[in-house]
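*Asks:* Quick one, structure for this:
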Amino acid sequence: MKNPMLDVLLLLLQKLLLISSCRLFNVGAPDDEQERKKSYELTAFLRGDVLEVSRTHLTHYGIYLGDNRVAHLMPDILLVLTSDKERTQKVVSNTRLIPGVVCRVASIRVDTVEDFAYGADVLVNHLDQFLKKKALLNEEVARRAEKLLGMAPYSLLWNNCEHFVTYCRYGTPISPQSDKFCEVVKIIIRDQRSFLASVVLGLMFIVWMGLTSYATFPAILIPFFLWMAG
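*Replies:* Below you'll find the model as predicted:
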């Protein structure tokens, strides 16, 4: 039986991760019409390698398939707005990616190294050193990625690009980025100052909105949850 309270908390946790990870107000970010382009030495990549780049304050991952092709799990709001392949096959800009994350719609798609990297430097198989896990043979990694191409569910915590590549590379979907964020949230929840802050904000919200059910209920529930979890 599903716990509705747990579902709400998980949803809030995912939105917190989105807010903390996306630079929505980054003045220096490139416009959609001025996507960053950079040349890459393709001979440095082997079929089945995990490619890693920094994008929008998150680390993005993909599997190199050879011939300047990278398979990666990418949120994209256009997938629910149009079936025009000519439009959806274009490189996913930040204005398409962020709403895609919110709506939890994505696909495992193939792009060139240039479009995948979006102008960032590329690290190769850095996860092998970080996770210290034994990787599958490169050809098996590439075949796993190719079998998963197409529409896919998306979740910042449970099914992101890192889960995709670790499943292909090691046989187990894991995401150190998500694990690290959850640890930070645990620390915040266990800090009694979070409870006191929630009480003050709750009282201010009640004063502002009045003693209505939709104002009083969360103002009581959130501090109670933080108190019990602390």
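
*Asks:* Helices of the protein, residue ranges please.
*Replies:* 4-21, 78-81, 85-88, 94-103, 113-117, 126-131, 138-147, 161-170, 176-190, 192-209, 213-229 (DSSP state H).

*Asks:* so what does the second one touch, helix or strand wise?
*Replies:* The contact analysis (3 or more Cβ pairs under 8 Å, 6 or more residues apart in numbering; DSSP states H and E) places helix 78-81 against helix 85-88, helix 94-103, strand 105-111. Every residue, glycine included, has its C-beta placed from N, CA and C.

*Asks:* Ranking helices and strands of this protein by mean pLDDT, which lands last?
*Replies:* None of the helices or strands of the chain scores lower by mean pLDDT, DSSP states H and E than helix 4-21, at a mean of 50.

*Asks:* Identify the bridge partners of residue 61.
*Replies:* Beta-bridge pairing for residue 61 (DSSP bridges): residue 52.

*Asks:* I figured it hits residue 70, correct?
*Replies:* No - counting by Cβ atoms under 8 Å, residue 61 does not reach residue 70; the two are 9.6 Å apart.

*Asks:* and for these two, which residues touch both?
*Replies:* Shared contacts of residue 61 and residue 70 (Cβ atoms under 8 Å, 6 or more residues apart in numbering): residue 51.

*Asks:* The residue lying closest to residue 87 once chain neighbours are set aside and residue 95, how far apart?
*Replies:* Counting by Cβ to Cβ, 6 or more residues apart in numbering, residue 87 lies nearest to residue 78, which is 6.2 Å off, once chain neighbours are set aside. Residue 78 sits 10 Å away from residue 95 when distances are taken as Cβ to Cβ, to the nearest Å.

*Asks:* These two: which has the busier surroundings?
*Replies:* For the pair residue 78 and residue 95, the greater number of neighbours falls to residue 78 (19 against 12), based on other Cβ atoms under 10 Å.

*Asks:* residue contacts, that one?
*Replies:* By Cβ under 8 Å, 6+ apart, the contact list for residue 78 reads 87, 88, 96, 100.

*Asks:* Buried only: go through those residues for me.
*Replies:* Buried members of these, counted by 16 or more other Cβ atoms under 10 Å: 88, 96, 100.

*Asks:* Can you lay out those as CSV showing pLDDT and distance to residue 40?
*Replies:* Formatted as CSV, these follow (pLDDT from 0 to 100; distance: Cβ to Cβ, whole Å):
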residue, pLDDT, distance to residue 40
88, 88, 24
96, 88, 23
100, 88, 25
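
*Asks:* Could you report the neighbour count for residue 44?
*Replies:* Neighbour count of residue 44, defined by other Cβ under 10 Å: 12.

*Asks:* got it, and residue 41?
*Replies:* As a burial measure, residue 41 scores 8 neighbours (other Cβ under 10 Å).

*Asks:* what does residue 59 give?
*Replies:* Residue 59, neighbours per other Cβ under 10 Å, totals 17.
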